[in-house]
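S.K.: Need coordinates for the following:
(one chain, ligands or ions: 1)
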Amino acid sequence: MNETWWKSAVVYQVYPRSFADSDGDGIGDLRGIIQHLDYLQELGVDVVWLSPIYASPHDDNGYDISDYRAIDPLFGTFDDFDELLAGLHSRGIKLVMDLVVNHTSDEHPWFVESASSLDNPKRDWYWWRKPRDGRQPGEHGAEPNNWGSAFSGPAWQLDPATGEYYLHLFSRKQPDLNWENPEVREAVYDMMNWWLDRGVDGFRMDVINFISKVVELPDGEVPPGRLYGDGYPFYAQGPRLHEFLQEMHERVFAGRSGDFLTVGEMPGVTIEEAQLFTDPARAEVDMVFQFEHVDLDHGPGGKWDDRPVSVLDLKRNLAKWQEGLARTGWNSLYWNNHDQPRVVSRFGDDRPEHRAASAKALGTVLHLMRGTPYVYQGEELGMANVPFESIDDFRDIETLNHYAEAVDIQGQDAAAVMAALRRTSRDNARTPMQWSAAPAAGFTTGTPWIEANPDYVLVNAEAEIHAPDSVFAHYRRLIDVRHRSEVVADGDFTLVLADHPQLFAYVRAHNGRRLLVLANLSGEPARYDASELAGWEDAALVLGNLDDSVDRGVSGSVEPWEALVFEQA
Ligand code: GLC
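M.R.: Predicted coordinates for the structure are as follows:
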């Protein structure tokens, strides 16, 4: 087994609902993915991470699972799944499944049983608590603590039948599993083994840093302007998290041979903690998704209170993680996923004159860092945020709940709330994959479950796949460079021109070979003092992102959104 095969691998995330619809019901499905396997192979990715396809009431688009061992009929059948897996494997692409085990759906039989009576054997599989301070169930303030849910409102839901509340860090249809109970852990490990036995190659672990909680579930501080307490200190990086992850590794992966990938989604994780989670000697997870760089634009009011981010802040943060995980551990590198607005609109410039160049520049700086890059569907086309016109255009539960709470309960200005949603809503990432200029972007022959971004007439795979100067072609080159270059896969990282306010520049070095990445992340020309890059005078340009990126050498100027990669002979 090659422990670190993923150092030279690139992962592609498929959000099945929005990728490709094969049967015209307006919702993407497994056969839709099967129809586009050659596209993934053409791009050159090594791994597909598939967002949840399990049976689900779809309160949170499948992140609320009612049967871990069933494919939702919306997406297809096990025959389709087996065909997809075989089709990927025959192209040398691995399949990583989404593992959502901080919570289940409230329609999962485990929860249905658990809720059925106070003394049901599965009662303790979830977090049930009596009303606080002897209050009556349902009385104002009777929730067992003051935590808010990530999707607005309290993190507790009353079950009138038993008069107790259950904890849900996300929607009320996503009750949290109680990992203190060893039967819960066994059931999860059993399910993971069942999928690995079917041939999958690993797991992306949804909010896995929330599975161990401080069992007293104490009240959290209420941040200014918020309605609820912040439970994060008590449910994230909880007291038994390392123990649970080590136990999971032992029970699921330790006895297997093969090249697997585990990546833990960990909102709020620090570098010091990430070093521990990803230290191979500790056998927990291969890598984590940290959130600092995608949280930089959060203001005091959180993600809906967004602020512009400077190039300085962005590169310093990314460089800090590069250095932090240089010796032990490993980074995952991402701009986008199904929870983030589109990077070209967020840190680039999605206006027609800059869209492609800024998408390529951002792709370049991300892919050539040390770590495993993740591409989210459509990112490789430079897909942009969506000009949503009204709240009725959105589908995401987090977005809709926030709007209702902010406007109806807190009385915030509806137009201002809408403007923030347009920039930050997760639905920016969830509109149909843009395959062609055909109606609904070629995603479906029916009515899509969410409208396509109207820019699909220009931004789409058909237009890009054979165009040598497209964002797609550039991503393909970046992936190819990672495959071929040991410097990219394994080199050291050093930030250069560290205080430059427009340029993100760094050097990668390995066994005497060196690569310089020099990118202007602004729409203005950038000048720099070439003497700061002494030693690079004779380097050759190996990659550029503009049609006319000619080898001017390390000349002291970089065009708007230009990204240059030099190699030292
Ligand atoms: C993760 C998922 C997100 C989901 C949440 C609850 O953050 O990425 O989409 O809503 O967990 O499962």
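S.K.: Let me know the secondary structure of the residue of the chain found nearest the ligand.
M.R.: The chain approaches the ligand most closely through residue 63 (3.5 Å), counting by Cβ to the nearest ligand atom. C-beta here means a position set from N, CA and C on the backbone, and glycine is covered the same way. Following DSSP: H, G, I helix; E, B strand; the rest coil, residue 63 is assigned to coil.
S.K.: now it, nearest residue through space, not along the chain?
M.R.: residue 100 (5.4 Å; Cβ to Cβ, 6 or more residues apart in numbering).
S.K.: Show the contacting residues for that neighbour.
M.R.: When the contact criterion is Cβ atoms under 8 Å, 6 or more residues apart in numbering, the partners of residue 100 are 52, 63, 64, 65, 206.
S.K.: my guess is the residue of the chain closest to the ligand contacts residue 169, does it?
M.R.: No: using Cβ atoms under 8 Å, residue 63 is not in contact with residue 169, being 11.7 Å away.
S.K.: Domain map for the chain?
M.R.: Domain assignment of the chain by automatic domain parsing yields the ranges 109-167, 389-424, 490-568.
S.K.: Pipe the ones you listed into JSON lines and attach mean neighbour count and distance to residue 35 per row.
M.R.: Formatted as JSON lines, the domains of the chain follow (neighbours: other Cβ atoms under 10 Å; distance: least, Cβ to Cβ, whole Å):
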{"stretch": "domain 109-167", "mean neighbour count": "17", "distance to residue 35": "33"}
{"stretch": "domain 389-424", "mean neighbour count": "16", "distance to residue 35": "24"}
{"stretch": "domain 490-568", "mean neighbour count": "18", "distance to residue 35": "30"}
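S.K.: Wait, a helix at residue 543?
M.R.: No: the assignment for residue 543 is strand, going by three-state DSSP, so no helix is present there.
S.K.: Quick one, grab the pLDDT at the residue nearest to it when sequence neighbours are not counted.
M.R.: Among residues not flanking residue 543 along the chain, residue 565 sits closest, at 4.0 Å (Cβ to Cβ, 6+ apart). Note on residue 565: pLDDT of 97.
S.K.: Report the contact partners of residue 565.
M.R.: Taking Cβ under 8 Å, 6+ apart, one finds 364, 368, 481, 515, 516, 517, 518, 541, 542, 543, 544 in contact with residue 565.
S.K.: Try it again at 10 Å.
M.R.: Contacts of residue 565 were listed using Cβ atoms under 10 Å, 6 or more residues apart in numbering, and they are 364-365, 368, 477-478, 481, 488, 508, 515-519, 539-545, 549.
S.K.: Likewise for residue 353?
M.R.: Residue 353 neighbours (Cβ under 10 Å, 6+ apart): 523, 560, 561.
S.K.: Quick one: classify it as helix, strand or coil.
M.R.: coil.
S.K.: What distance do you get for it to residue 523?
M.R.: 9 Å (Cβ to Cβ, to the nearest Å).
S.K.: Need the overlap of contacts for these two.
M.R.: With Cβ under 10 Å, 6+ apart as the test, residue 353 and residue 523 both reach 560, 561.
S.K.: Need the CA coordinates for the helix or strand harbouring residue 356. PDB is fine.
M.R.: Using DSSP states H and E, the element containing residue 356 is helix 355-367. Output of helix 355-367 as PDB, limited to C-alpha atoms (Å, rounded to 0.1, in the frame of the first residue of the first chain):
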ATOM      1  CA  ARG A 355     -13.800  36.000 -15.400                       C
ATOM      2  CA  ALA A 356     -11.600  33.400 -17.200                       C
ATOM      3  CA  ALA A 357      -8.300  35.000 -16.200                       C
ATOM      4  CA  SER A 358      -9.200  35.400 -12.600                       C
ATOM      5  CA  ALA A 359     -10.600  31.800 -12.400                       C
ATOM      6  CA  LYS A 360      -7.400  30.500 -13.800                       C
ATOM      7  CA  ALA A 361      -5.200  32.600 -11.500                       C
ATOM      8  CA  LEU A 362      -7.100  31.400  -8.500                       C
ATOM      9  CA  GLY A 363      -6.900  27.800  -9.700                       C
ATOM     10  CA  THR A 364      -3.100  28.200 -10.200                       C
ATOM     11  CA  VAL A 365      -2.300  29.500  -6.800                       C
ATOM     12  CA  LEU A 366      -4.400  26.800  -5.200                       C
ATOM     13  CA  HIS A 367      -3.300  23.800  -7.200                       C
END
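S.K.: buried sites along it?
M.R.: Using 16 or more other Cβ atoms under 10 Å as the test for burial, helix 355-367 gives 355-367.
S.K.: quick one: residue 127 and residue 398, what's the gap?
M.R.: 21 Å.
S.K.: Then residue 251?
M.R.: Applying Cβ to Cβ to residue 251 and residue 398 gives a distance of 32 Å.
S.K.: same thing with residue 494?
M.R.: 38 Å.
S.K.: Please apply the same query to residue 89.
M.R.: Taking Cβ to Cβ, one finds residue 89 at 34 Å from residue 398.
S.K.: Kindly report the same for residue 540.
M.R.: For residue 540 relative to residue 398 (Cβ to Cβ), the value is 47 Å.
S.K.: Same check on residue 121?
M.R.: Distance from residue 121 to residue 398, by Cβ to Cβ: 34 Å.
S.K.: Residue 39 too?
M.R.: Per Cβ to Cβ, residue 39 is found 29 Å from residue 398.
S.K.: one step back: may I see the contacts of residue 100 organised as TSV, with distance to residue 259 added?
M.R.: Shown next, in TSV, are these (distance: Cβ to Cβ, whole Å):
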residue	distance to residue 259
52	23
63	27
64	31
65	26
206	22
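S.K.: Which one of the residues you listed is nearest to residue 304?
M.R.: Among these, residue 63 lies closest to residue 304 (Cβ to Cβ), at 19.9 Å.
S.K.: Give me the neighbour count for that closest one.
M.R.: Counted with other Cβ atoms under 10 Å, residues neighbouring residue 63 total 24.
S.K.: What's the per-residue pLDDT of it here?
M.R.: For residue 63, the pLDDT comes out at 98.
S.K.: and it, what does it touch?
M.R.: 51-52, 54, 56, 98, 100, 102-103, 105, 170-171, 174, 206-207, 338-339, 397.
S.K.: Just the buried residues of those.
M.R.: 51-52, 54, 56, 98, 100, 102-103, 105, 170-171, 174, 206-207, 338-339, 397.
S.K.: and the residues you listed near the ligand, which?
M.R.: Taking Cβ under 6 Å from any ligand atom as the test, the ligand is in contact with 100, 170, 206, 207, 338, 339 out of those.
S.K.: Three-state assignment for the fifth one, please.
M.R.: In other words, residue 338. coil.
S.K.: tally of neighbours for the nearest residue to it once chain neighbours are set aside?
M.R.: In space, and not counting its chain neighbours, residue 338 is closest to residue 15: 4.6 Å by Cβ to Cβ, 6+ apart. Neighbours of residue 15 under the rule other Cβ under 10 Å: 22.
S.K.: is it true that residue 15 touches residue 61?
M.R.: Yes: using Cβ atoms under 10 Å, residue 15 makes contact with residue 61 at a distance of 8.1 Å.
S.K.: and for those two, which residues touch both?
M.R.: In contact with both residue 15 and residue 61: 51, 52, 338, 430, using Cβ under 10 Å, 6+ apart.
S.K.: Now do the contacts for the last one.
M.R.: Right, the one you point to is residue 430. 15, 17-18, 51, 61, 338-339, 377-378, 386, 394-396, 399, 449-450.
S.K.: Swap in 8 Å and give it another go.
M.R.: Contacts here follow Cβ under 8 Å, 6+ apart; on that basis residue 430 touches 15, 17, 18, 61, 338, 395, 396, 450.
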